[in-house]
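[1] what's the 3D shape of this:
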Amino acid sequence: MRQLSVAPPLPLLRKFPTDEATQGVAVSHDHFYAINNANIGKYERATGKKVGTYKSSPERPLIHMDGGLVLGKTLYCSHSNFPETPMLSSIERFDTATLKHIGSQSFGRDAGSLTWLDWHESSWWVCFGHYNGKGGELGKTNQDTVLVRYDPQWRKQAAYVFPTELFARWEGMTASGGLWGPKNTLLVSGHHAPEIYQLQLPKVGSVLELLQIIASPAEGQGIALDPARKRLFQIQRKERSVYEFDISRIYL
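    You can find the predicted model right below:
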């Protein structure tokens, strides 16, 4: 196995305290959305002021939301029944203006526990995680974590697994955050390691190629990207904070 070096952290610009940032984050032009298992907070990027809230209800119970993605006027959140098994997954949709729940895409029992999603090259990209301990299924480990590509009608087009170098670094957990970033590469975070992984699709085969590991002052979990301003957002779970980084150097 090759020796891996770790690149210095990205420049940290701001820290935003929130009530909800224990699982994921999503970002739009003017707002960011802090996500926990069952609730979402909407915050102004300019001031950090909280301007909206969604709370799960008995009528629409949510168990374990994770990553988030804003497309147009819709916030998409990954959702699963973690740590229960067998694993069940869905994508929950919310109106960004009101945070009203507006729909659900159910995967039922599929490729694992849905941790994050993105839209790239006219396709949905969905990561299904697996675990070695709590929340894991019999006979499977975090090496079964898979990134699946779907067309706009949710028909499976391709699937990729993660390189072996990452599994020990995840310490039994999985790829908790991810997105398509600069230069047609993936940026992925683990569950609690203070690192971000840059990967690309393989030229042949099914294993994603690891390009570099970037140190981070935040410890795993959800990430989000504003490509227009070259800003990366990541939660710091133990603080319930959202960190904003300058990601310009990865675009060079």
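[2] excluding its backbone neighbours, what's nearest Ile235?
    With sequence-adjacent residues excluded and distances taken as CB to CB, 6 or more residues apart in numbering, Ile235 is closest to Ala21, at 4.2 Å. Where C-beta positions appear, they are placed from N, C-alpha and C, glycine not excepted.
[3] Wait, the one you found touches Lys238, no?
    No - counting by CB atoms under 8 Å, Ala21 does not reach Lys238; the two are 10.2 Å apart.
[4] helix or strand for the residue nearest to Ile235, which one?
    Using DSSP states H and E, Ala21 is not contained in any helix or strand.
[5] Give me the neighbour count for it.
    By other CB atoms under 10 Å, 29 other residues sit near Ala21.
[6] Kindly report the same for Leu186.
    Neighbours of Leu186 (other CB under 10 Å): 25.
[7] now swap in Thr53 and tell me
    A count of neighbours around Thr53, defined by other CB under 10 Å, yields 12.
[8] What of Arg60?
    When counting by other CB under 10 Å, one arrives at 12 neighbours for Arg60.
[9] One more: Gly72?
    Neighbours around Gly72, by other CB under 10 Å: 7.
[10] Which residue ranges of the stretch 151-252 of the chain form helices?
    With DSSP state H, counting those that start in this stretch, the ranges of helices along the stretch 151-252 of the chain come out as 248-251.
[11] what are the ranges of the strands in it?
    Secondary structure of the stretch 151-252 of the chain (DSSP state E, counting those that start in this stretch): strands at 156-161, 177-180, 186-189, 195-200, 209-215, 223-226, 231-236, 241-246.
[12] With respect to Arg169, which of those lies nearest?
    Checking those against Arg169 by CB to CB gives strand 195-200 as the closest, at 6.8 Å.
[13] Any buried residues in the closest one, and which?
    Buried residues in strand 195-200, counted by 16 or more other CB atoms under 10 Å: Glu195, Ile196, Tyr197, Gln198, Leu199.
[14] Would you mind measuring from the second one to Ile235?
    Distance check for Ile196 against Ile235: by CB to CB, to the nearest Å, it reads 13 Å.
[15] what residues do those two have in common as contacts?
    Counting by CB atoms under 8 Å, 6 or more residues apart in numbering, Ile196 and Ile235 have no shared contacts at all.
[16] Low-confidence stretches in the stretch 1-150 of the chain?
    1-3 (pLDDT under 70).
[17] Please, where are all the strands along it?
    Ranges of strands within the stretch 1-150 of the chain are 6-7, 12-17, 24-27, 31-35, 39-44, 50-55, 64-71, 74-80, 89-95, 101-108, 113-120, 123-129, 146-150, based on DSSP E, counting those that start in this stretch.
[18] can I get the ones you listed in TSV with distance to Ser248?
    Below are the strands of the stretch 1-150 of the chain laid out as TSV (distance: least, CB to CB, whole Å):
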stretch	distance to Ser248
strand 6-7	14
strand 12-17	11
strand 24-27	16
strand 31-35	19
strand 39-44	23
strand 50-55	28
strand 64-71	21
strand 74-80	26
strand 89-95	30
strand 101-108	34
strand 113-120	20
strand 123-129	24
strand 146-150	26
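[19] Of all those, which one is nearest Tyr251?
    Among the strands of the stretch 1-150 of the chain, the nearest to Tyr251 by CB to CB is strand 6-7 (14.4 Å).
[20] just to revisit the earlier point, now render the strands of the stretch 151-252 of the chain as CSV, adding distance to Pro17 and mean pLDDT.
    Output for the strands of the stretch 151-252 of the chain, formatted as CSV (distance: least, CB to CB, whole Å; pLDDT from 0 to 100):
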stretch, distance to Pro17, mean pLDDT
strand 156-161, 36, 98
strand 177-180, 20, 98
strand 186-189, 20, 98
strand 195-200, 22, 97
strand 209-215, 23, 97
strand 223-226, 17, 98
strand 231-236, 10, 98
strand 241-246, 5, 98
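[21] May I see these arranged in a markdown table, with distance to Ser56 as well?
    Shown next, in a markdown table, are the strands of the stretch 151-252 of the chain (distance: least, CB to CB, whole Å):
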| stretch | distance to Ser56 |
| --- | --- |
| strand 156-161 | 29 |
| strand 177-180 | 21 |
| strand 186-189 | 24 |
| strand 195-200 | 29 |
| strand 209-215 | 33 |
| strand 223-226 | 21 |
| strand 231-236 | 19 |
| strand 241-246 | 20 |
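[22] Understood, closing this out.
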